[in-house]
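Peer 1: just the structure for this:
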Amino acid sequence: MPYSAKLFQRFLSGLLFTLFAVGATAQPGYLTLSGKVINQETGEPVPFASITVVGRSIGTVSNVVGTFLLKIPGDYANDSVKVSSVGYQSVTQRISATSVQNQLVRLKAAAVTLDEVRVQARRKTAVDILREAVAAIPRNYDTTSVQMTAFYREDTQFENQPVAFNEAVLSVYKAAYGKPDAKDQLKLIKGRKKEFDRSKHNLPSFINLSNGARNSLMADYLKQPIHKNSLLNERNFKYYDFTLSTLMGDRMTYVIDIKPGKRQRKAYLTGKFYIDAQTLAFVRSEWRITQAGLDLENNRDWLLKKMASIVHKLNLKMSDFYEIITYEPYKGKWHLSNVERRYVATINSQSRNLVDKTWKVSTSFTVTEVGPKGIPPFAEGDIAENRNSMSTLIGEQNDPDFWENYNIQRPVSADTVSEKSLVVPTAQPSNPLKNRVGNRQNGFTRADTLRGKLSPLRSKYDVTFYDLAVKVDIENKAISGKNRMRFKVLAPLDKLQVDLYANMTIHQIRYGGKSLAYTREFNAVFVQFPEKLQPGSEQELEIDYSGKPQVPDFSVPMVGGFLWDKDKEGNPWVQVVCQGSGASLWWPNKDHLSDEPDSMRIRVTVPDRLMDISNGRLLRKTALPGNWTEYEWYVSYPINNYNVTLNIGKYAHRREMYGPDSLTLDYYCMPYHQEKFRWVFDGVKPMLAILEKHYGKYPFPRDGFTLMESLYPMEHQSAVSFGKMPNDSAGPLTLADTLRHMQLVWHEVSHEWWGNNVSCRDMADMWIHEAFATYSEGFYLDSAVPEEGELGYIASLPRQVIGKEPIIGVYDVNHIHYDIGDMYAKGALVLYTFRHLLNDDQRWGDILKGMQQRFRLQTVSTKDIVGYINEKTGTDYTWFFDQYLNYTSIPTLEVQLLEKGSSLVVKYRWKADVPNFRMPIAVTKKPEQFNFIMPTTDWQTMTLPNMTIDDFEVDETRFYVRVEVEEPQIVKQ
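Peer 2: Sure, this is the predicted structure:
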């Protein structure tokens, strides 16, 4: 099953938008102040100057040409407005005197002194001040959450010609400083945008900035001063030279100039910190990326950029990045005020006739109001985790009076956005299912146990065959049918449990032609037999039922149901997906993953102008009275219940044969997509060849292989669906078309081996399905991008890890992993890490194929998988899988480095939750040459000749670990 958090970052750059002053105006209820801020001596504009109402929490900043526009409530008419900028003496005037047309505000430059002598006399260096300012962050910045309002602007240009522009007003949940794991949030209040014709530049649509407002919030470096790449982290001081000067303006300000030092291989930035001398608060920073930083950035998301170069014959490289961040005081605390960013990239494409063309994006994020403190996070509407472009998030909003008639500080009557839009919602979710997020902590109910536990009422019988017949009433979104269940009695029983959701009605349960008594508790159905059934006997139940099955809640992973939709030509389109929720949401069965029927018949009755696609092979199509048609499918292999499916629509069909055994390949899609997206199905044969190379022959040859377009992607056995086609636009395929869609296809198809052939026996072990399927996506990228495509894919996975819950769930309660991302990305990283510590791809390949044979058509547990690996390697790796699967933290390699003459002394050990963790890992024993070391939880020491501190690296791509390096030391000899 796909995971929606698997998003793909996009890259862009551009110039700042310049909004020229339109003059001060007065409208009922508020005042509009406008003007331009300039340097008194030179007449040059002062960009990003702060314009605030004294004593209020509202304000704005001047743009790159110094102009500003500020709207305030009319009852502030007797207040004062203050214009200030770091490096200048501020100016304060009464608003009544300021409210005239196009005020020209002249700021006098502050005196700059090279004050090293005085500071040195106090035994303070630039680094000393920097350390003290970092230590003062908890004192100077809010340690509780704060609500803010912000204005965001983004302007994109190509060769100095406009490409896209958008503006937005945002409500901001600013998480407390000192809590780096707490996430800031954004809610869109209002926005507008303008798109220009990209075709004249011959640019593909995928080049787009990923949520620039989110990126701006992430620029707040004071949230994570100990981040491994942060300039505030002392471990990075050694790469820079620091010089100190003092600004004598309204308040004395230290200016720390930072430039790459002699050891500049990891010096990624050059710029300045401005620190208030009285409070030691960071008030401003100015940064430009260095060549080392450009190299780092251009290697980040390497895979995405490489795919762009292959698919679109286009290369994009960042060539410059500039950033200014300012902080403002308010009521005794400093807060984020403004983030200005400029990205510049160079694009080359021979096929598009683009040579060294410049692509620029400029963004401006301005806090315009500081609200209450201690607020709860947004319960809904947060767009901070959405990586789509701001233009996409804004949608179709395009108010022509957006700037002129909207008070970015506080809504007024002239605005179309109501006052309540800025009210922070309470933390009470509207959907009760969302209360179950983190249900390990919330605890489990009787209903969870009935659903997830293999109780005696379930374990005393084994299902051998289901004969399911369903009629689908599309108009009323209802179904009716019956299921004949054949089972073998394993132990004496006179009562058993089957499952059907409580919202579905049971009309009758028959045994031997007679009705049986039954009771219901939650979604469990307890059937009472008239006599005790004896072990070894074969029995049958037949259950008639009907109802309106639940619909999915895609806001909570694995809450499935029926999707009732229409294709773009207006024809009905129906699908059921029920992984996690269970098949009993739409048909009665023994709904436990441990028991798969040996075979199954599926009959689906639909309106005669439509088609049904289910699992296995289509045996016959029968016309029925009343313009109905029955499709009869047969599955000749064991199948887990959530894989049983129906797909109803007006499909086009195509068939091919594959391999020496003539495996039938059936493809279904919307007729209007048949030719346009032929490339999806043309990739099936090479895909199957690669998957068979790694995992063995396709597991279900008698049933054939079906791949189809659907409403939602899902690994339904022998009837794999990949969701809707990527888009309906004309023209060449985009990067998103190829990368995202084909990865998804490979993911779902690989489930035929991992999930359908080898199936987990309890939902707690669902990682066995999803981790191996996510791992398999790397095969596609390795084939599509031969130049280290798989390695680039591995590097893209860590940022998708959530780390809130262990990968393995809770047994016997059908624990649905609501934060399910770690089953995917982290699970795949576990497999990659193990493969690389094993350091024997031939043996690893044999293990993968061997598991497919040893556990063919069986259900398994984590213990089975780990036990097989231990058996085939001859080594007990239980400690490895225990750490990665049962704990949220990943192992940390602690390292101490000491340069001693021309040698490097390295001390190292593992820090982990599991005792005696002992994973081998690759490090550089020679410059740029990785070799294995064998750390344990005890300190070890090695001496590396002709190595420096900068030469030492840990392979954090192939091995999913954390590395903590203590402050290195150098001993001169």
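
Peer 1: for stretch 198-216, measure first residue to last.
Peer 2: End-to-end distance for stretch 198-216, by Cα to Cα, to the nearest Å: 25 Å.

Peer 1: repeat for stretch 444-463
Peer 2: 27 Å.

Peer 1: contact partners of that stretch?
Peer 2: 485-493, 495-497, 499, 521-524, 526, 539, 582, 589-592, 594-597, 762-763, 810-815 (Cβ atoms under 8 Å, 6 or more residues apart in numbering). To be clear about C-beta, it is placed using only N, CA and C from the backbone, and glycine gets the same treatment.

Peer 1: ok, stretch 826-844 next?
Peer 2: 767, 770-772, 774-775, 777-778, 794, 797-798, 801-803, 807, 869, 872-873, 877, 880-881, 884-885, 919-922, 932, 955, 958-961.

Peer 1: tell me the buried residues within those residues.
Peer 2: 767, 770-772, 774-775, 777-778, 794, 797, 801, 807, 869, 877, 880-881, 884-885, 919, 921-922, 955, 958-961 (16 or more other Cβ atoms under 10 Å).

Peer 1: pLDDT on the biggest strand by length in the chain, on average?
Peer 2: Counting by DSSP state E, the longest strand found in the chain is strand 354-373. If you average the pLDDT over strand 354-373, you get 88.

Peer 1: what comes up buried for that strand?
Peer 2: Those would be 354, 357-371, for strand 354-373 by 16+ other Cβ under 10 Å.

Peer 1: tabulate the CA atom coordinates of the next helix or strand after that strand in CSV.
Peer 2: If you walk from strand 354-373 toward the C-terminus, the next helix or strand you reach (DSSP states H and E) is helix 390-394. Only the C-alpha atoms of helix 390-394 are listed here, as CSV (Å, rounded to 0.1, in the frame of the first residue of the first chain):
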residue,chain,number,x,y,z
MET,A,390,2.8,27.8,-2.5
SER,A,391,1.0,28.4,-5.9
THR,A,392,-0.5,24.9,-5.6
LEU,A,393,-1.5,25.4,-2.0
ILE,A,394,-3.1,28.8,-2.7
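
Peer 1: if I look at the residue lying closest to residue 218 once chain neighbours are set aside, how far off is residue 907?
Peer 2: Among residues not flanking residue 218 along the chain, residue 184 sits closest, at 8.0 Å (Cβ to Cβ, 6 or more residues apart in numbering). Distance, residue 184 to residue 907, using Cβ to Cβ, to the nearest Å: 38 Å.

Peer 1: these two: who's more crowded?
Peer 2: More neighbours surround residue 184 than the other of residue 184 and residue 907, with 19 against 14 (other Cβ atoms under 10 Å).

Peer 1: any idea of the pLDDT on the more buried one?
Peer 2: pLDDT at residue 184 comes out at 91.

Peer 1: quick one: it from residue 172, how far?
Peer 2: For residue 184, the distance to residue 172 equals 7 Å [Cβ to Cβ].

Peer 1: which neighbours do these two have in common?
Peer 2: What both residue 184 and residue 172 touch, as defined by Cβ under 8 Å, 6+ apart, is the set residue 217.

Peer 1: okay, helices next: where are they in the stretch 1-150 of the chain?
Peer 2: Ranges of helices within the stretch 1-150 of the chain are 95-98, 116-121, 126-135, 137-140, based on DSSP state H, counting those that start in this stretch.

Peer 1: and residue 865, its phi and psi?
Peer 2: phi -60, psi -50 (degrees, to the nearest 10).

Peer 1: now it. Nearest residue, chain neighbours left out?
Peer 2: That would be residue 768: by Cβ to Cβ, 6+ apart, it lies 6.2 Å from residue 865.

Peer 1: please save the CA atoms from the helix or strand containing that neighbour in CSV.
Peer 2: Using DSSP H and E, residue 768 falls within helix 767-784. Extracted in CSV, the C-alpha atoms of helix 767-784 (Å, rounded to 0.1, in the frame of the first residue of the first chain):
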residue,chain,number,x,y,z
TRP,A,767,6.7,-3.9,8.1
ILE,A,768,7.6,-7.2,6.3
HIS,A,769,5.2,-6.1,3.5
GLU,A,770,6.1,-2.4,3.3
ALA,A,771,9.8,-2.3,4.1
PHE,A,772,10.6,-4.9,1.4
ALA,A,773,8.3,-3.1,-1.1
THR,A,774,9.9,0.2,-0.4
TYR,A,775,13.3,-1.4,-0.7
SER,A,776,12.3,-2.7,-4.1
GLU,A,777,11.7,0.8,-5.4
GLY,A,778,15.5,1.1,-5.4
PHE,A,779,15.7,-1.5,-8.2
TYR,A,780,13.6,0.7,-10.5
LEU,A,781,15.9,3.7,-9.8
ASP,A,782,19.0,1.6,-10.2
SER,A,783,17.7,0.5,-13.7
ALA,A,784,16.4,4.0,-14.7
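
Peer 1: that helix: how far from the chain's middle?
Peer 2: The chain centroid and the centroid of helix 767-784 are separated by 17 Å under Cα atoms, centre = their mean, to the nearest Å.

Peer 1: I'd like the numbering to begin with 819 instead of 1 from here.
Peer 2: From this message on, residue numbering opens at 819, which makes the last subject helix 1585-1602.

Peer 1: and the next element down the chain from that helix?
Peer 2: That would be, after helix 1585-1602 and using DSSP H and E, helix 1607-1614.

Peer 1: state the mean pLDDT of that next one.
Peer 2: Rounded mean pLDDT across helix 1607-1614 is 81.

Peer 1: other SSEs contacting it?
Peer 2: Helices and strands touching helix 1607-1614, by 3 or more Cβ pairs under 8 Å, 6 or more residues apart in numbering; DSSP states H and E, are helix 1120-1129, helix 1585-1602.
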